[in-house]
Every structure is written in C-alpha cells, then in structure tokens.
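J.: 3D, please:
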Amino acid sequence: MRLPVPPLLRPPVHRVRALGLPPVRALMNLRELVSALNDFASPALAESWDNVGLLVEPSPPHTVKTLFLTNDLTEEVMEEAVQKKADLVLSYHPPIFTPLKRVTWKTWKERLVVRALENRIGIYSPHTAYDAIPHGVNNWLTKGLGACTSVPLHPSTAPSSPAEGTHRVEFCADAEHLDAVLFKIKDIPEISCLTTLPARVEGEEQTRVSLNCSQKALLEVVALLSQNSLLHHKTEILLLQKPPLPHTGMGRLCTLSQPVSLSEVIERIKGHLRLPHVRVAVGTGRTLESPVKKAALCAGSGSSVLKGTEADLYLTGEMSHHDVLDAVANGISVILCEHSNTERGFLSELRDALAIHLQNKINIIVSEKDRDPLQVA
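T.: Just a heads-up that it's a prediction; the model follows:
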C-alpha cells in the first residue's frame, strides 16, 4: 500500500520561478543566431550604400548566451559589453563603415575590432534594414506623434523576384526568319526566360518570342531586331519592376487622426524621446499654434528622405542648414532631436521583439552607457 506524501514533504513545484529567478536559457550557435536576425530584418532591405550584417566574427564554433544591444558602439560601450560578458553586440549603426586597411591600436574603430576579437565578441549591424521594416525604428518614432496612420515615403521592393533581368522583349517572327533570329539571340549574354509560342498575326501563322534581358543585353537585342524592319515593327519592350513590399520602406508619412497644434506635437515628441529640449524651425506663415495634420519623419539624418515631401511637419534627428531653410520657405515646420535620439529609444522595444523572435533562447540586454554625443550646455 502506497502512503500519501505529507504536503510539507512534497517536492516544490516551479521553485526557481517562484523565487523570481529567470528561466534557464539555452545557447545559440552564432551562425544560427545571425540567420534568425536576418529573418527578423533582411539585410537586403538596407540601402545599397550601407554596411549591414555580421561585421566581426570570432573563430568558429562560437556560441552566444548574451546578446548586447546598442545604438552606437563606442569604446566605452565596448568595455561595458566586455564587463557584461556579451557574446554578440548588435550595434544599430555599423562601427565598420569605411573599409579598414589595417587593424592596429592606432584608431578607435580599429581598437573596437581588436577588443571584440580578444574577448570573442561578434559584431552585427542592421542599420537601414531596421529603418525599413514595418516593426522597425521609423514605426517606433511614429508613436511619438500620437494616434496616426502611416505609409513609407520610399517603399521597398521585394529583394528577390521570380523574374530575371530588367526588361522583357516580345516580338513575332515568321518561319522564314525565326531560326536565324533565335540562333543569334542565344549568343547574347544576360538573356533568360526565352520562350516561344504559336501566334496568329494579321491572319498569318507566326511565332511569338518572349525573353528577359539586362539593360546591356537589351541594346544588343534591339540592334539585332532592327536589322529586319518586320521584326522591329512587331517588337514590344516592357520594363520589369519588382513588387513593392507592404508597410516597408524608408521614412514615414503620418496622418494624425486629429489635427493638433505644433506646440502639442513638440511636447509629445519630447515625452516619447525623453528629451528636455528639441530644436524647432517654424514654417513660413505658421505659428506654434498652427495645426499639424500630416507629418513626414525619418529617424537619424532625414534630409534626403524627407526632401520634396508635402507635409505640415518634418521630424528627424538632423538636417542640413539649407534643407531646413528650404522646408521653412515652403511652410513646413521642422523638429530636430539630434541624430541618435530618434533611434536609441527603439532598443527597448527591439529587446522585447527579439526575445519573442528568438524564443527566449538567449539573454538580451541593452547598453546603459550608450548615449548621444551631443548635449545642451
């Protein structure tokens, strides 16, 4: 007969969780983690000039227990990462942008690489890929405006598309010319998706030829077809465009659910970014009490993204003096918050999003030393 166990002798259930300690976390292989980070925000969404992805890799195998988030990887932040035993630093801004010709102790960016490798710390940077994604930096910045709807100012297109080439060429040829034309076309480089289908043109049996080609190959194809006036006359050229990705792209054009005064928007932005001051330029013919219905924004340096956009307000970290003058002359007010102040607050939201995306497999912490280099004196 089995006797019941007295309640005081029963093994405690979930004792670790009850004591407030975090659940045991597993390790992730670096390459597995990088793949997951790339799934979270594809590097293909970054601007062509950017330097994103895994920038520094310790010799494999390398496992990651702690992922360390920062907006800027300075030497002070790197020391913090070392002290907190980080295995991978995710730095929003790429610390390696201009190519390094050597890795010595001479410059601070070279020293970052040395310290990272000495302490077996990888460095990963997403930068403008995080600007583009729907759950990224710019969408976080829109929350400072209050209730609004937003669309990208410059939509991203699908990184890859089934269609190859930049143009599609279609023409019809009769049996007399078909074989000779196809023979010459197949010798042209950068031709793909070549197909032929029977067609009836003006009551005659012909063959419709369709092909995809690059911009360079297009010139050769057109030159070939122009040698026969009948073929050239029946040629159509289509520009192939990659489909846009919904809610993805650079910058945001926001429509507030209710117009509010410029002064109210300023206070909302200061509260969202936790800043005591911002810089403001009031548009010509406007005042601090003028209503704001449409606001165009871009985290970081927004001049090139915002320029030419019709809105009541531009919100960004920094703009050139002359771009501010242009906006003001067009009746557009400008709020400048300093470059990284429009980005850094996203890291807390990112930490929570990555914890879910990575299924809580690793520890994720945000730098306490990272800060904007500019202060109001």
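J.: make it CA atoms for all contacts and neighbour counts henceforth
T.: OK.
J.: pLDDT value on the residue sitting nearest the centre point of the chain, please?
T.: With distances taken as CA atoms, centre = their mean, the residue of the chain nearest its centroid is Ala129 (1.6 Å). According to the prediction, Ala129 has pLDDT 98.
J.: A helix includes it, no?
T.: Yes - counting by DSSP: H, G, I helix; E, B strand; the rest coil, Ala129 is found in a helix.
J.: what separation do you get for it and Gly302?
T.: Counting by CA to CA, to the nearest Å, the gap between Ala129 and Gly302 amounts to 15 Å.
J.: circling back to that earlier point, quick check: the residue nearest to the centre of the chain touching Pro43?
T.: Yes - with contact defined as CA atoms under 8 Å, Ala129 and Pro43 form a contacting pair (5.7 Å).
J.: number of nearby residues for Asp352?
T.: Here the number of neighbours of Asp352 (other CA atoms under 10 Å) works out to 13.
J.: now it: how far from Asn360?
T.: Remark: distance between Asp352 and Asn360 (CA to CA) = 10 Å.
J.: repeat for Ile188
T.: Per CA to CA, Ile188 is found 52 Å from Asn360.
J.: over to Lys184?
T.: Distance, Lys184 to Asn360, using CA to CA: 58 Å.
J.: who's more crowded, these two?
T.: Neighbour totals were compared for Lys184 and Asn360, and Asn360 leads with 15 against 11 (other CA under 10 Å).
J.: helices of this structure, start to end?
T.: Under the criterion DSSP state H, the chain carries helices at the ranges 15-18, 30-40, 75-83, 108-118, 128-132, 137-142, 175-185, 215-225, 229-233, 262-273, 303-306, 321-329, 346-357.
J.: distance to Thr196 added to the ones you listed, as CSV?
T.: Listed next are the helices of the chain as CSV, based on distance: least, CA to CA, whole Å:
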stretch, distance to Thr196
helix 15-18, 67
helix 30-40, 38
helix 75-83, 60
helix 108-118, 55
helix 128-132, 40
helix 137-142, 47
helix 175-185, 10
helix 215-225, 16
helix 229-233, 15
helix 262-273, 59
helix 303-306, 44
helix 321-329, 53
helix 346-357, 46
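J.: just these: most buried one?
T.: Among those, the stretch with the highest mean neighbour count (mean count of other CA atoms under 10 Å) is helix 128-132, at a mean of 27.
J.: show me what that one is packed against.
T.: Counting contacts by 3 or more CA pairs under 8 Å, 6 or more residues apart in numbering; DSSP states H and E, the secondary-structure elements packed against helix 128-132 are helix 137-142, strand 244-261.
J.: make it 10 Å
T.: Contacts defined by 3 or more CA pairs under 10 Å, 6 or more residues apart in numbering; DSSP states H and E place helix 128-132 against helix 30-40, helix 137-142, strand 148-157, strand 244-261, strand 291-301.
J.: which of the ones you listed sits closest to Glu368?
T.: In terms of CA to CA, the element of those nearest to Glu368 is helix 137-142, at 19.0 Å.
J.: off-centre distance for the closest one?
T.: Between the mean C-alpha point of helix 137-142 and the mean C-alpha point of its chain there is a distance of 12 Å (CA atoms, centre = their mean, to the nearest Å).
J.: so which other helices or strands are in contact with it?
T.: Packed against helix 137-142 by the contact rule (3+ CA pairs under 10 Å, 6+ apart) you find helix 128-132, strand 148-157, strand 244-261, helix 262-273, strand 291-301, strand 313-318, helix 346-357.
J.: again, 7 Å this time
T.: Helices and strands in packing contact with helix 137-142 are listed as helix 128-132, strand 291-301; criterion 3 or more CA pairs under 7 Å, 6 or more residues apart in numbering; DSSP states H and E.
J.: outside of it, which residues touch it?
T.: Helix 137-142 is contacted from outside by Tyr130, Asp131, Gly251, Arg252, Cys298, Ala299, Thr342, Glu343, Phe346, using CA atoms under 7 Å, 6 or more residues apart in numbering.
J.: quick one: contacts of stretch 116-134?
T.: With contact meaning CA under 7 Å, 6+ apart, stretch 116-134 is reached by 41-43, 45-47, 52-58, 82, 86-94, 136-138, 247-250.
J.: make a ChimeraX selection of the buried ones in these.
T.: Selection of buried members from the contacts of stretch 116-134 for ChimeraX, criterion 16 or more other CA atoms under 10 Å:
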select :41,42,43,45,46,47,52,53,54,56,57,58,82,86,87,88,89,90,91,92,93,94,136,137,138,247,248,249,250
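J.: among the contacts of stretch 116-134, which are in strands?
T.: If you go by DSSP state E, these have Gly53, Leu54, Leu55, Val56, Leu88, Val89, Leu90, Ser91, His247, Thr248, Gly249, Met250 in strands.
J.: tell me which two of the residues you listed sit farthest apart.
T.: Val56 and His247 (30.9 Å).
J.: quick check, distance from stretch 78-96 to the centre of its chain.
T.: 20 Å.
J.: just the mean pLDDT for that stretch, thanks.
T.: When pLDDT is averaged over stretch 78-96, the result is 98.
J.: mind checking the end-to-end distance for that stretch?
T.: By CA to CA, the extent of stretch 78-96 from end to end equals 14 Å.
J.: likewise for stretch 132-147?
T.: 20 Å.
J.: cool, and stretch 325-336?
T.: Separation of the first and last residues of stretch 325-336 by CA to CA is 13 Å.
J.: with stretch 45-52 instead?
T.: Looking at stretch 45-52, the gap from its leading to its trailing residue is 10 Å under the measure CA to CA.
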